[in-house]
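*Asks:* A structural model of the following input is requested.
(2 chains)
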Amino acid sequence: MAAFLRPGERQSGAFGVSFDTDRDAAAASLPTFNRNEKLALQDQRRRLPVYQHRREILYLVEHHATVIIVGETGSGKTTQIPQYLLEAGWCSHGRMVACTQPRRVAAMTVAARVAEETGSTLGQAVGYGIRFEDVSTPGLTQIRFCTDGVLLQEMLQDPLLTAYSVIMVDEAHERSLATDTLLGLLKKVQRRRPDLRVIIASATLEAERVAAFFDASTVRGAKAGGDDLSKQPALLSVEGRTHSVQIHYLEKPCSDYVRTAVQTAADIHREDMPGDILIFLTGQQECEDCVVMLEEEARKVRAGRAPLRLMPVPLYAGLPAAAQLAAFEHAPRGYRKVVVATNIAETSVTIDGVVFVIDSCYSKQTAYNPLTGLESLLVAPVSKASAAQRAGRAGRVRPGHCFRLCTEADFQALSDATVPEMQRAELSGTVLRLKALGVDNMMTFDWLAPPPAETMIRALELLHALGALDVSARLSKPVGQQLAELPVDPRLGAALLASGRLGCSEEVATVVAMLSVHSVWAGARGERKALEAAKAKFAVGEGDLVTYLNVWKAWQESGRDRRWAARNCLNHRTLLRAADIRSQLCHHLRRLGIAMESCDTEVALLRKALAAGLLMNAVQLVDTAADISDPSSAGVNIYRILRSTGPGPLPKLRIHASSVLARTRPQWLVFWQVQQSSSGWFEMQEVTAIEPHWLPELADHVYTQIGAQRS
DNA sequence: GAGCACTGC
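*Replies:* Okay, the predicted model is just below:
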């Protein structure tokens, strides 16, 4: 039984820590809109906390090149500040105010709300831009919400962002790759465009750092040209509207946080405090396991004739959209909803009615090891900032409680903030785009958080291997420039370019599109047998990527039939999105002068094109486990990476169990992704069998030795 | 032997 200290049991100090106003919590992705539904829109606008700061914000934007706004949850900053700027004349002379968001849904929903508040049709004065959808009208649109990725891509055509008078970067504390890249570039643009204003919305924790980064007041020649524009960033804090959340810690560490979460939910339930429960776990499997355990618990509660019944629902990104909706529906009368979620519920979505949060304090995070050049996912403790954000999810409707499944001492040992993605991800795509924007020296670029030098070198190595860089590490023509324009990972872009030479662009476009969406396989709960049978129908010995091609072909032959997809455990909506991406890729390829050709049954050509992109991910089967000291690895397939790695032990690679080649174990293959298991294995998730002599044929500057061995 | 979250003219 999990032992928590409850409010009032003991004086605060040793265990219970009470929260004031969720001050640590990062701002939520969307403000609450319908709190004052009966009021006229303009009255509602004036009731938002940010309205008290309207004049101050406009003054600061007038007089400072950069303004940093710390806006807490529910402050209204996202919807209101762009409107204040519009009203103050920042959209005259045909220029726009841009507001960037890390996520597509946020860009769309916020734009819709602001259009409603300004009494205009979405796409006219107020619009949005996300991949595939530009709902704005050139010459007419004044406020444009877009994803930060869209704005970055726009910079390839308009490096100084001349269409905009103000850029507001929202949710900057999330520190995504795109946000950090954008901020670094905006600092550069400001030197060339003194008229441009930058507003950065960020949580307290990051605000000081961002302010220091944008401080150009000490730079030589920083004196503004005649006007009184300050190059020193202004900092402004806007209070939010959240309720207090009381934090509880475990008295003793737990060994199984899934089980402890179930027990804690049952405890809350038995104590009969009203309100829904939100549990944070790390992955799909954990969520599903937890739901099953909660259902057992619910049966016990029913047997004990408790007044409430439990309604556990899973929530993770890979869940089909229809199943995701269950997490947002109100529980029927007499039921208490328990949402068991991954990180998706931390920032991406908001669930109404949550009063209790149970936090495992773990999540899956990307990690990059520049020595091995392997990017992988692994379970790791969250940061305090992340935990605060999770806790804040309990205080949206009324004062709530957060149960952290660790001791307070263990919690205090967590890092304050999550390491920015820039410092824990593979960076070839970022480096490629920076080069396309004229940033040639990565070491001297003004990074908000500089990535490790080894990571930058690895990125340059990979780009060089793909032919994107010339001998002086500049973007090559035409390959490098073409890769920068393709909206995919450089490795997949290289496969697309190779497919043009090999005559299989139709097939590679399909595979790349399928890799750009969530898994197309549906049927997470209780349908594993059916799912396996469906997969087996399409599986081929050439590997997972060729299997994707078969799935696509069969779906096409069905006439893109929704019922056919359901019968074969395929997610129809995901396939439609893949189709969208595929047609966009074909459009890009044609524009680059690459003919759309099919290799028909010559699948080897497809595999070779994929190998051209994934050539740094080529591995060879080593037949015994003898060279690995771990006894538990005996008899398991072990692969070694063929390219050079840094000093230190070679990574232990094996095929992930989800692969169609998990039992076939081809001698040579390339992989797309790896996941790190708790036992230290790197598990290759999407693999394709290759012929070893292809490697020197495709890249003799990387693989000379294999060619020598084989000839 | 089984799947963090996002994103791209």
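
*Asks:* report the central residue of chain A.
*Replies:* Centroid check for chain A by Cα atoms, centre = their mean gives A:Ser176 as the closest residue, at 7.6 Å.

*Asks:* my read is that it contacts A:Thr147, right?
*Replies:* No: between A:Ser176 and A:Thr147 there is no contact under Cβ atoms under 8 Å: 10.0 Å. Where C-beta positions appear, they are placed from N, C-alpha and C, glycine not excepted.

*Asks:* mind listing the shared neighbours of these two?
*Replies:* Taking Cβ atoms under 8 Å, 6 or more residues apart in numbering as the criterion, A:Ser176 and A:Thr147 both touch A:Pro102.

*Asks:* picking up where we left off before, give me the pLDDT for the residue nearest to the centre of chain A.
*Replies:* Per-residue pLDDT puts A:Ser176 at 91.

*Asks:* same question for the one 10 residues further on.
*Replies:* If you check A:Leu186, the pLDDT there is 95.

*Asks:* what does A:Tyr164 give?
*Replies:* 96.

*Asks:* so what's it bridging to?
*Replies:* In this entry, A:Tyr164 is beta-bridged to A:Met96, by DSSP bridges.

*Asks:* just checking, it touches A:Met96?
*Replies:* Yes: here A:Tyr164 reaches A:Met96: they are 5.2 Å apart, a contact under Cβ under 8 Å.

*Asks:* what sits in contact with each of the two?
*Replies:* Contact criterion Cβ under 8 Å, 6+ apart; residues shared by A:Tyr164 and A:Met96: A:Arg144.

*Asks:* okay, now the unreliable bits of the stretch 101-250 of chain A?
*Replies:* A:219-227 (pLDDT under 70).

*Asks:* all helices of it, in order?
*Replies:* For the stretch 101-250 of chain A, applying DSSP state H, counting those that start in this stretch gives helices covering A:104-117, A:148-155, A:177-192, A:204-214.

*Asks:* give the buried residues for the third one.
*Replies:* For helix A:177-192, a neighbour-count test (16 or more other Cβ atoms under 10 Å) marks A:177-190 as buried.

*Asks:* packing partners for it?
*Replies:* Of the remaining helices and strands, those touching helix A:177-192 by 3 or more Cβ pairs under 8 Å, 6 or more residues apart in numbering; DSSP states H and E are helix A:148-155, strand A:164-169, strand A:197-201, helix A:204-214, helix A:428-436.

*Asks:* can you give the distance of that helix from its chain's centre?
*Replies:* Its chain's C-alpha centre lies 20 Å from the corresponding centre of helix A:177-192 when counted by Cα atoms, centre = their mean, to the nearest Å.

*Asks:* what angle separates that helix from helix A:204-214?
*Replies:* 30 degrees (axes from the mean of the first three to the mean of the last three Cα atoms, to 10 degrees).

*Asks:* helix A:177-192 vs helix A:148-155, what angle?
*Replies:* Using the same axes, to 10 degrees: helix A:177-192 against helix A:148-155 is 40 degrees.

*Asks:* which residues are contacting helix A:177-192?
*Replies:* With Cβ under 8 Å, 6+ apart, helix A:177-192 has contacts from A:65-66, A:100, A:102, A:147-149, A:151-152, A:155, A:159-161, A:167, A:169, A:171-172, A:196, A:198, A:200, A:210, A:213-214, A:216, A:420-422, A:425, A:430, A:433-434, A:437, A:439, A:445-449.

*Asks:* re the thing from before, now the helices of the stretch 101-250 of chain A in TSV, with distance to A:Ser415?
*Replies:* Formatted as TSV, those follow (distance: least, Cβ to Cβ, whole Å):
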stretch	distance to A:Ser415
helix A:104-117	26
helix A:148-155	24
helix A:177-192	18
helix A:204-214	11
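
*Asks:* any chance of JSON lines for those, columns distance to DNA strand B?
*Replies:* JSON lines is the format used below for those (distance: least, Cβ to the nearest atom of the strand, whole Å):
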{"stretch": "helix A:104-117", "distance to DNA strand B": "3"}
{"stretch": "helix A:148-155", "distance to DNA strand B": "3"}
{"stretch": "helix A:177-192", "distance to DNA strand B": "7"}
{"stretch": "helix A:204-214", "distance to DNA strand B": "17"}
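
*Asks:* which of these sits closest to A:Ile351?
*Replies:* Smallest distance to A:Ile351 across the helices of the stretch 101-250 of chain A (Cβ to Cβ): 14.3 Å, for helix A:104-117.

*Asks:* now find how far off-centre that closest one is within its chain.
*Replies:* On Cα atoms, centre = their mean, the centre of helix A:104-117 falls 20 Å from the chain's centre.

*Asks:* try stretch A:480-492
*Replies:* For stretch A:480-492, the distance to the chain centre is 19 Å (Cα atoms, centre = their mean).

*Asks:* start to end distance for it?
*Replies:* Using Cα to Cα, to the nearest Å, the end-to-end distance of stretch A:480-492 comes to 13 Å.

*Asks:* for stretch A:269-276, same thing?
*Replies:* 10 Å.

*Asks:* what's the average pLDDT for that stretch?
*Replies:* For stretch A:269-276, mean pLDDT is 85.

*Asks:* same question for stretch A:487-499.
*Replies:* 94.

*Asks:* wait, what's in contact with the residue in chain A positioned nearest to DNA strand B?
*Replies:* Here the residue of chain A nearest DNA strand B is A:Gly283; by Cβ to the nearest atom of the strand that distance is 2.4 Å. Residues in contact with A:Gly283 (Cβ under 8 Å, 6+ apart) are A:Tyr316, A:Thr342, A:Lys364, A:Val379.

*Asks:* considering only the residues you listed, which also neighbour DNA strand B?
*Replies:* A:Tyr316, A:Thr342, A:Lys364 (Cβ under 7 Å from any atom of the strand).

*Asks:* what strand or helix carries the last one?
*Replies:* This means A:Lys364. Here A:Lys364 is covered by strand A:362-369, with elements defined by DSSP states H and E.

*Asks:* which outside residues touch that strand?
*Replies:* A:257, A:280-283, A:342-343, A:346, A:374-382, A:386, A:418, A:421, A:424-426, A:455, A:651, A:676.

*Asks:* got it, and stretch A:196-203?
*Replies:* With Cβ under 8 Å, 6+ apart, stretch A:196-203 has contacts from A:25-27, A:61, A:64-71, A:77-78, A:81, A:90, A:160-161, A:164-173, A:183, A:186, A:189-190, A:210, A:214, A:385.

*Asks:* what about the strands in the stretch 551-700 of chain A?
*Replies:* A:618-622, A:638-641, A:653-655, A:668-671, A:674-676, A:682-684, A:687-689 (DSSP state E, counting those that start in this stretch).

*Asks:* the fourth one vs DNA strand B: in contact?
*Replies:* No: using Cβ under 7 Å from any atom of the strand, strand A:668-671 never reaches DNA strand B; the gap is at least 12.3 Å.

*Asks:* which strands border that strand, and is each parallel or antiparallel?
*Replies:* strand A:618-622 (antiparallel), strand A:687-689 (antiparallel).

*Asks:* what separates A:Gly334 from A:Val313, distance-wise?
*Replies:* For A:Gly334, the distance to A:Val313 (Cβ to Cβ, to the nearest Å) stands at 16 Å.

*Asks:* cool, A:Gly480 as well?
*Replies:* Using Cβ to Cβ, A:Gly480 is found at 47 Å from A:Val313.

*Asks:* DNA strand B contacts on the stretch 401-550 of chain A?
*Replies:* Within the stretch 401-550 of chain A, the residues that sit near DNA strand B (Cβ under 7 Å from any atom of the strand) are A:421, A:429, A:433, A:485, A:487-489, A:516, A:518-519, A:521, A:528, A:531-532, A:535.

*Asks:* my guess is A:Pro666 meets A:Gln620, correct?
*Replies:* No: contact between A:Pro666 and A:Gln620 fails when scored by Cβ under 8 Å: they sit 9.9 Å apart.
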